[in-house]
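[1] Dropping a prediction and its sequence here:
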Amino acid sequence: MFKRLHSSILSLWGINAGFYMGNALYFTYMPVYMRSIGIDNGVVGLLSGLPLLLSMFIQPTFGLIADRAKSKNRVLLFTLLTMATVMAVFPLNQSIFWVALLAVCYMCLQASAMPLIDAIAFESGARYGYNYGAVRLAGTFGGMMSMLFGGMLMDISNSIIFPMYVVLSIVAMIATCRAPKIQGHQHAGNKVSFMPLLKNKKLVVMAVPVFLIFVYWGCYTTFYGIFLKGLGVSNTIFAVAMFLSAVPEVPVLLFTNRIYRKVGPYWFLVAGSVCAIIRCLLCAFTTNIPIFLIAQVLCGGTFILVYTPLSTYYNENAPMELKASSLMLFAIIMNLGRMAGSVVGGFLSDGGLALSTIFFIMAIIVSVALIWIAVLMVRSRRELKAAQGERSI
């Protein structure tokens with residue numbers, strides 16, 4: 001995997017490390033910060049989820065801009081710069097209006113930046129001979145470090161995440177300027193709309209399990225920190241828990257490309273769903289902190305088991321002119337799920353349900369996704385056998 005890697009991967013590592021370190025800080029500790037300034041769970045859920053609804057209208061525009069741009073790098077650079085500016089001014093005011101406004105701005109930009117980074121990684125890899133997993137590893141290692149040390153620093157100051165984020169964004173912006181220049185495939189040709197992606201059955205059938213799994217993920221990322229804090233866990237122990245949850249990402253990224261070529265995306269979704277169900281059931285039925293920490297290692301790979309192979313799947317099954325837009329479509333589906341999980345989790349919590357009960361509900365939702373995946377697997381095998389039978393005639 002790492003033999004004779006082109007030097008251009010260094011800049012992509014810089015982009016991924018800077019972005020995902022900042023990403024981990026925001027999604028891990030922002031709910032904790034919001035609670036620390038007096039915002040209740042229902043509003044935390046709204047501020048974590050509703051901006052994702054707005055982003056679904058913005059992401060197709062970002063995708064088309066990137067696909068038609070002379071340089072996708074410039075689009076990404078603008079996005080990173082704006083995100084850094086939002087985070088720089090975030091702690092200047094603690095009013096609910098200010099927090100809501102900046103949370104909406106940040107989430108819309110973040111939701112568009114991730115598929116842009118992936119589009120640049122996929123096309124650079126195709127050009128210089130390395131795969132997506134090799135690039136994304138830098139984001140995993142960076143995210144692990146920021147989750148670990150971010151929690152320790154949060155015990156000193158709840159607002160420390162904001163200057164940390166700005167520094168990490170500067171790293172990502174410098175790396176973006178040094179990365180291979182990736183031109184939009186519609187820049188010099190005919191303009192293609194977003195609609196062909198919505199008519200692509202291979203992409204559409206994956207929308208349901210992805211949505212349902214990310215309903216759980218939205219609830220988990222919004223309320224897991226609050227859940228542990230309710231058990232008396234410090235920010236430092238919470239940081240260790242989140243660090244351990246990222247450990248499984250390393251072997252997944254190392255071997256995803258090889259396994260994906262053999263089995264396709266379905267078994268990754270099965271594994272990710274099972275991990276999510278186990279983790280939710282543990283949250284529902286135990287309060288033992290050591291068990292939570294062990295479970296983080298065993299069951300922490302849900303996001304990467306779904307995100308990495310499905311990014312590859314959406315990229316491979318899209319026309320060349322809509323590569324960035326296909327990843328935006330995938331991100332829209334994910335973000336709709338995350339929004340639903342955050343908002344519904346917040347309303348259920350404010351309605352009197354314990355977070356442990358809410359996590360049990362999430363286990364049921366992911367189980368529905370698992371059933372859907374099983375149906376897709378059976379259908380895929382039947383179609384494969386039918387195709388083999390036709391070739392043998």
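    Thanks, I have it.

[2] Check which residues of the longest helix along the chain are buried.
    Assignment by DSSP state H gives helix 355-392 as the longest helix of the chain. Neighbour-count burial for helix 355-392, with 16 or more other Cβ atoms under 10 Å as criterion, is recorded at 355-356, 358-363, 365-367, 369-370, 372-373, 376. C-beta here means a position set from N, CA and C on the backbone, and glycine is covered the same way.

[3] And for stretch 152-163?
    Under the neighbour-count criterion of 16+ other Cβ under 10 Å, stretch 152-163 has Leu153, Met154, Asn158, Ile160, Ile161, Phe162 buried.

[4] Got phi/psi on the fourth one?
    The phi/psi pair for Ile160 (degrees, to the nearest 10) reads phi -70, psi -20.

[5] ok, it touching Leu153?
    Yes - with contact defined as Cβ atoms under 8 Å, Ile160 reaches Leu153; the gap is 4.5 Å.

[6] ok, now how distant is Ala271 from Val306?
    Going from Ala271 to Val306 by Cβ to Cβ, to the nearest Å gives 9 Å.

[7] where in this protein is pLDDT low?
    Applying pLDDT under 70 to the chain flags the ranges 1-5, 184-193, 387-393.

[8] Who are the packing partners of the helix or strand hosting Gly63?
    Assessed by DSSP states H and E, Gly63 sits inside helix 41-68. With contacts taken as 3 or more Cβ pairs under 8 Å, 6 or more residues apart in numbering; DSSP states H and E, helix 41-68 sits against helix 9-36, helix 72-89, helix 96-128, helix 207-230, helix 323-350.

[9] Sort out which residues of stretch 289-298 are buried, please.
    In stretch 289-298, counting by 16+ other Cβ under 10 Å, buried: Phe292, Ala295, Gln296.

[10] Could you do stretch 142-150 as well?
    So for stretch 142-150, counting by 16+ other Cβ under 10 Å, buried means Gly142, Gly143, Met144, Ser146, Met147, Leu148, Phe149, Gly150.

[11] Check which helix or strand the second one maps to.
    Translated: Gly143. Using DSSP H and E, Gly143 falls in helix 132-154.

[12] And the next helix or strand past that helix?
    As assigned by DSSP H and E, the chain's next helix or strand after helix 132-154 is helix 161-178.

[13] now that following helix and helix 96-128, what's the angle there?
    Orientation of helix 161-178 against helix 96-128 (axes from the mean of the first three to the mean of the last three Cα atoms, to 10 degrees) gives an angle of 30 degrees.
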